[in-house]
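In: Structure of the sequence below:
(one chain, ligands or ions: 1)
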Amino acid sequence: MAETSPVVRFAPSPTGRIHIGNARTALFNFLHAKKHGGRFVLRYDDTDRARSIKEFADGIAIDLEWLGVVPDFIARQSERIALYDAAATRLREAGYLYACYETEEELEYRRRRQIAQHRAPVYDRAALKLTAEDRAKLESEDRKPHWRFKLEHSTEIWTDGVRGDVSIDTRSLSDPVLIRADGSYLYTLPSVVDDIDMGITDIIRGEDHVTNTAVQIQLFHALDAKPPRFAHHNLLTLPSGEGLSKRLGHLSLSTLREEGYEPSAVAALSVLVGTSHNVEPVASLDELMGKVDLADISHSPAKFDPAELDALNARTLHMLPFANVAERLAVLGVNKGADAFWRAVHGNLNRLEDAREWWEVVSNNDTFSSDDPDLVAASIAHLPSEPWDGETWSKFTKAVAIATGKKGRALYHPLRLALTGREQGPELKALLPLIGRARARKRLEAASR
Ligand code: GLU
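Out: Numbers count the residues shown, from 1 in each chain. Modelled structure (predicted):
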């Protein structure tokens, strides 16, 4: 049978803004789908009504768009409850769900006792032993049941797209609660129901979900569906080894965007770190797509180092073509000759907004002083006539060298200070034509005094 093209989903719960580790999951899904001509679904895992917030969902869409991740389809689980109700009824009728009445405190007490006795804190299935009368009595006391899925005790085995063959013994797991006492759904059932309904072919997510996969495979079978392929990627940690959390606002995509990082640098780092590839800048997600496969992901955690992002951001700017930044440069006020300006300065930027400073240098009327006013004064007579091009600086400085006998730093540094007011910066060969003769002359005159 021909391979069908993949359908993948990214399923964030809108309980906070997404961080660079969530971006890793979103990108692995998106790039996998695009590489194989498939589809990417953004599915908000928002059945937890108390914690899901619309502003977070809207924010996540903005964050993904900034990265360049464009969903083919967007779904909200809160709008699909009827499907979950139907699946729950089916499961209940087929005997897969059982009603439990323990309170959180009772369960917690039992867990503590099991741990004290060096036993695994696995739910003991006490509720399975309740008779119809027991249940009737509990309900007459107004106790509402929550519902667990009765796991088949077996070893679930799958070939993971990242980790190879994985097996989980379900005897080590508690029967998962699928439905809370108030009738609302926990993550597991809606997730599997939607994966079936949306024809998801590949579930690509963090390795914190490996255990869930064993449960979910059984749930797929219970609902008469073939489980999709699974791939669990390693998680990003901080250099200290600490995991990322949505509460760590400083690594949220919205913060990184506000701090002026390039989306393609954030994407490249979040995808390439912790794989067999070097972390290299890319100009686009298409380029990133060509680089990485699920099988290239390492099995150990991937360390995210903010200093590496700074370095990668600079390297990204140094290679980005003008077309990729034209709009944002216009927002910074860079207009006339922006293309030549970009070619002149991009090799010196750490953040795109640093371009504004150089735009000021080539376009405003500021004048500066220099550490060698005499040299600067002597240079004025040698300013070539316009038009100016990439050779002008060299013609000019050669003439000044002959006239003054200065060379090297003693020649270039005073002129750089006079023309730009800065010790360092982009090559003057490229800047000088942008500064133009009239402005250059005024600056040299001012710095001669
Ligand atoms: N909402 C879950 C999470 O963000 C989704 C997990 C999954 O992809 O199945 O971890």
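
In: Output the set of residues of the stretch 1-150 of the chain in proximity to the ligand.
Out: Along the stretch 1-150 of the chain, the residues adjacent to the ligand under the rule CB under 6 Å from any ligand atom are 11-13, 45. Every C-beta, even on glycine, is put in place using the N, C-alpha and C of the backbone.

In: Show me which of the residues you listed is closest to residue 414.
Out: residue 12 (56.3 Å; CB to CB).

In: Name the helix or strand for residue 148, please.
Out: Residue 148 is part of strand 146-149 when elements are defined by DSSP states H and E.

In: wait, does the helix or strand that that strand is followed by make contact with the ligand?
Out: Using DSSP H and E, the next helix or strand after strand 146-149 towards the C-terminus is strand 155-160. No. Using CB under 6 Å from any ligand atom, we find that strand 155-160 stays clear of the ligand, coming within 14.0 Å at best.

In: list the helices and strands strand 155-160 packs on?
Out: Using 3 or more CB pairs under 8 Å, 6 or more residues apart in numbering; DSSP states H and E as the contact criterion, the elements in contact with strand 155-160 are strand 164-169, helix 210-222, strand 229-233.

In: just the ones you listed: most buried one?
Out: When the helices and strands packed on strand 155-160 are scored by mean count of other CB atoms under 10 Å, the highest mean neighbour count falls to strand 229-233 (a mean of 22).

In: and the angle for that strand with strand 164-169?
Out: Angular relation of strand 229-233 and strand 164-169 on a 0 to 180 degree scale: 100 degrees, by axes from the mean of the first three to the mean of the last three CA atoms, to 10 degrees.

In: Give me the sheet partners of strand 229-233 and which way each runs.
Out: Neighbouring strands of strand 229-233 in its sheet, by DSSP bridges, are strand 202-206 (parallel).

In: hmm, which two among the residues of the stretch 1-150 of the chain next to the ligand are most spread apart?
Out: Farthest apart among those - using CB to CB - are 11 and 13, which lie 7.8 Å from each other.

In: More neighbours: which of the two?
Out: Neighbour totals were compared for residue 11 and residue 13, and residue 11 leads with 23 against 18 (other CB atoms under 10 Å).

In: Can you list the buried residues in the strand or helix carrying residue 138?
Out: For residue 138, the enclosing helix or strand under DSSP H and E is helix 132-140. Of the residues in helix 132-140, those buried under the neighbour-count criterion (16 or more other CB atoms under 10 Å) are 135, 138.

In: And the contacts of it?
Out: The contact list for helix 132-140 (CB atoms under 8 Å, 6 or more residues apart in numbering) reads 99, 101, 130, 145.

In: which residues does the nearest residue to residue 165 once chain neighbours are set aside contact?
Out: For residue 165, the nearest residue in space outside its immediate sequence neighbours is residue 159; the separation is 5.6 Å by CB to CB, 6 or more residues apart in numbering. Residue 159 sits next to 165-166, 229 when contact means CB under 8 Å, 6+ apart.

In: State the distance from residue 159 to the ligand.
Out: Between residue 159 and the ligand the distance is 18 Å, computed by CB to the nearest ligand atom, to the nearest Å.

In: Can you give me the pLDDT of that residue?
Out: In this model, residue 159 is scored at 98, pLDDT.

In: Then residue 249?
Out: At residue 249, the predicted lDDT confidence score is 66.

In: can you pull out the strands in this protein?
Out: In chain order, the chain shows strands spanning 7-10, 39-44, 73-76, 97-100, 146-149, 155-160, 164-169, 177-179, 202-206, 229-233, 236-237, 302-303, with DSSP state E as the criterion.

In: if you compare the ones you listed, which one is most tucked away?
Out: Highest mean neighbour count of the strands of the chain: strand 7-10, a mean of 25 (counted as mean count of other CB under 10 Å).

In: ok, the residue of the chain most remote from its centre - contacts?
Out: Relative to the average C-alpha location in the chain, and by CA atoms, centre = their mean, no residue lies farther out than residue 403, which sits at 56.7 Å. The contact partners of residue 403, by CB under 8 Å, 6+ apart, come to 378-379, 381-382.
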